[in-house]
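K.L.:
please work out how this folds:
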Amino acid sequence: MQFSDFKLKEEVLRAISDQGYDSPTGIQEKAIPLILNGQDIIGHSQTGSGKTAAFSLPIINQLHGREGIRALVLTPTRELCMQVSDALKGFSKHARLNVVPVFGGVGIGPQLGALRTADIVVATPGRLLDVMERGVKLSGVRHLVLDEADRMLDMGFIDDVEKILRSTPKERQTLLFSATLSPKLRGLVNRYMKSPVSVEAKVQVDSNLLSEKVYEVSVADKFSLLVHCLKNETPGIAIVFCKTRHGCDKVARKLRSQQIDAIAIHGGLSQNKRTDTINRLHKRGVGILVATDVASRGLHIDNISHVYNFDLPQVADDYVHRIGRTARAGAKGDAITFITPHDVRDFRAILRELGRQVYVAQVPEFEKVVVSPADERDVDRRGGRDHHRSRFGGGRGGGHRGGSRGGSRGGFKPRRSFGNRGGNRN
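P.N.:
Prediction:
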């Protein structure tokens, strides 16, 4: 199937061609005809499925002239807001539509000015309510998208989302995209959507290119093993996932003390800092990003060779989104999860829910790393900037040779797998 089969306008097809797309993904093939037909839909999609184009293209195709804000896309994070906005700008450049991103962390004045000529608004709920309180109206909205709706609810935005929905016309098209559909989300569907049709597509990550494995390691040795992996097994860009903002900052500081060029990114950073971090990473083409789950969805980062689950995710869907950051666009990728003895039960529950199976790999020999409190404070005083000549520079961190060859501390032998027996080994 080709995009031309959807009977899209010539200016939309030109924009698709400009970006090098030739054929639709599964979610696009299913969703675009329904949206063009005016149908409300619930799209079950994950990272890499092409859902942004799935709702952007038919919406752009139906807009014409300058009649104020006619399409609204709600996103849970600033990063996703910027990414979706950039995609919409690319798809609508020949249609001459004005796409305006609205998010917190930056001045509200310029956003209010830009909204005066907006045709499509991409916004986070909190900042959108701020601009609405300053007189911005949503009475002309004909198409409303809830992107990553489950994440918005997880972040506590349900009341904000409902207030925004009530401020838009009842006669509108509502498109909801979510990896899961919780009871709260079902309530939202029942109250604000009209006979929605469900469409589903699997994540576009080639399992033949993605290698998943588990390293069993003690809590005391976990950081030393991470240092070994980053210095010896990671050729390009890697993301190290941590559970909390504090843990994220701590791991990044400790890595920098080992001459590993690591940058932390999470919701506690200013928007300018987060944007600058991603831009620097793209410019260099190598580096270590230490992140909370804010980076598993929404952030556009190319050429990620490795994903490390230093801490387990809170829910099964976050595991899928994390590992979905690598093995894209025909490139191979590695997803490595560190499991301490007290993590075993939780990780098994995650894999059981997903129906996946991941084998326990032999832990490589690694040297103990000793990070002194002075090292961490010294990195802190430098503000967490890049002060080392090389990401892989320096020694191995000293100390005695430690580690494990078989991951035996948790009672699992090499090549023994976690998860559902019916799952795939990658």
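
K.L.:
in this structure residue 42 contacts residue 195, no?
P.N.:
No. Applying Cβ atoms under 8 Å, one finds residue 42 not in contact with residue 195, separated by 10.8 Å. Quick note: C-beta positions are derived from backbone N, CA and C, even for glycine.

K.L.:
what's across from residue 359 in the sheet?
P.N.:
Assessed by DSSP bridges, residue 359 has beta-bridge partners residue 213, residue 417.

K.L.:
need the distance between the two termini of stretch 44-59.
P.N.:
End-to-end span of stretch 44-59 (Cα to Cα, to the nearest Å): 18 Å.

K.L.:
what ranges does the stretch 1-150 of the chain have for its strands?
P.N.:
Using DSSP state E, counting those that start in this stretch, the strands of the stretch 1-150 of the chain run over 41-44, 71-74, 99-102, 120-123, 143-147.

K.L.:
paired strands for the longest one, with orientation please.
P.N.:
In other words, strand 143-147. As assigned by DSSP bridges, strand 143-147 forms pairs with strand 71-74 (parallel), strand 173-178 (parallel).

K.L.:
show me what counts as buried in the longest one.
P.N.:
It refers to strand 173-178. By neighbour count on 16 or more other Cβ atoms under 10 Å, the buried set for strand 173-178 is 173-178.

K.L.:
what's it in contact with?
P.N.:
Strand 173-178 is contacted by residues 31, 35, 38-45, 51, 54-55, 142-150, 165, 185, 188-189, 192-194, 196 when judged by Cβ atoms under 8 Å, 6 or more residues apart in numbering.

K.L.:
one more: the first one?
P.N.:
Under the contact criterion Cβ under 8 Å, 6+ apart, strand 71-74 has outside partners 55, 59, 63, 84, 88, 119-125, 128, 138, 141-147, 152, 161, 164, 168.

K.L.:
let's go with 7 Å and repeat that
P.N.:
Residues outside strand 71-74 that contact it (Cβ atoms under 7 Å, 6 or more residues apart in numbering): 59, 63, 84, 120-123, 125, 138, 141-147, 152, 161, 164, 168.

K.L.:
repeat that for stretch 186-196.
P.N.:
Contacts to stretch 186-196, defined as Cβ under 7 Å, 6+ apart, come from residues 40-42, 165, 174, 176.

K.L.:
turn those into CSV, including distance to residue 322 and pLDDT.
P.N.:
CSV is the format used below for those (distance: Cβ to Cβ, whole Å; pLDDT from 0 to 100):
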residue, distance to residue 322, pLDDT
40, 30, 97
41, 26, 96
42, 24, 95
165, 30, 97
174, 29, 97
176, 23, 96
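
K.L.:
now tabulate the strands of the stretch 1-150 of the chain in TSV and tack on mean neighbour count and distance to residue 364.
P.N.:
Below are the strands of the stretch 1-150 of the chain laid out as TSV (neighbours: other Cβ atoms under 10 Å; distance: least, Cβ to Cβ, whole Å):
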stretch	mean neighbour count	distance to residue 364
strand 41-44	22	38
strand 71-74	26	45
strand 99-102	24	44
strand 120-123	27	44
strand 143-147	25	40
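
K.L.:
quick one: which of the ones you listed is nearest residue 317?
P.N.:
strand 41-44 (10.9 Å; Cβ to Cβ).

K.L.:
the closest one pairs with which strands, parallel or anti?
P.N.:
Partners of strand 41-44 in the sheet, by DSSP bridges, are strand 173-178 (parallel), strand 197-200 (parallel).

K.L.:
pull out the buried positions in the last one.
P.N.:
It stands for strand 197-200. So for strand 197-200, counting by 16+ other Cβ under 10 Å, buried means residue 199.

K.L.:
47 is where my numbering starts, stick with that
P.N.:
Sure thing, new numbering starts at 47, so read that last one as strand 243-246.

K.L.:
tell me the spacing between residue 411 and residue 270.
P.N.:
Plainly put, residue 411 is 11 Å away from residue 270 if you go by Cβ to Cβ, to the nearest Å.

K.L.:
break this protein down into its domains, please.
P.N.:
Annotated domains of the chain cover 49-246, 256-465 [automatic domain parsing].

K.L.:
go through these and find the least confident stretch.
P.N.:
Of all the domains of the chain, domain 256-465 carries the lowest average pLDDT, namely a mean of 76.

K.L.:
picking that back up, turn the contacts of stretch 232-242 into a markdown table, columns for distance to residue 53.
P.N.:
Shown next, in a markdown table, are those (distance: Cβ to Cβ, whole Å):
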| residue | distance to residue 53 |
| --- | --- |
| 86 | 21 |
| 87 | 18 |
| 88 | 24 |
| 211 | 30 |
| 220 | 23 |
| 222 | 24 |
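
K.L.:
buried only: go through the contacts of strand 219-224 for me.
P.N.:
Among the contacts of strand 219-224, those classed as buried by 16+ other Cβ under 10 Å are 77, 81, 85-91, 97, 100-101, 188-196, 211, 231, 234-235, 238-239, 242.

K.L.:
follow-up on the earlier one: format the strands of the stretch 47-196 of the chain as a markdown table; extra columns: distance to residue 405.
P.N.:
Output for the strands of the stretch 47-196 of the chain, formatted as a markdown table (distance: least, Cβ to Cβ, whole Å):
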| stretch | distance to residue 405 |
| --- | --- |
| strand 87-90 | 28 |
| strand 117-120 | 40 |
| strand 145-148 | 42 |
| strand 166-169 | 41 |
| strand 189-193 | 34 |
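
K.L.:
to residue 254, which of the ones you listed lies closest?
P.N.:
Of all the strands of the stretch 47-196 of the chain, strand 87-90 sits nearest to residue 254, with 23.3 Å by Cβ to Cβ.

K.L.:
what's next to that closest one, contact-wise?
P.N.:
Here strand 87-90 makes contact (Cβ under 7 Å, 6+ apart) with 73, 77, 80-81, 97, 100, 221-225, 227, 235, 242-246.

K.L.:
who are the contact partners of residue 356?
P.N.:
For residue 356, counting by Cβ under 7 Å, 6+ apart, the contacting residues are 272, 286-288, 297, 384.

K.L.:
now do residue 369
P.N.:
Residue 369 touches 256, 258, 353, 381, counting by Cβ under 7 Å, 6+ apart.

K.L.:
state the helix or strand in which the third one lies.
P.N.:
Spelled out, that is residue 353. Using DSSP states H and E, residue 353 sits in strand 350-355.

K.L.:
what's in contact with the strand or helix carrying residue 210?
P.N.:
Using DSSP H and E, residue 210 sits within helix 204-212. Residues from elsewhere that reach helix 204-212, judged by Cβ under 7 Å, 6+ apart: 120, 171-172, 174-175, 192, 198, 230, 238.
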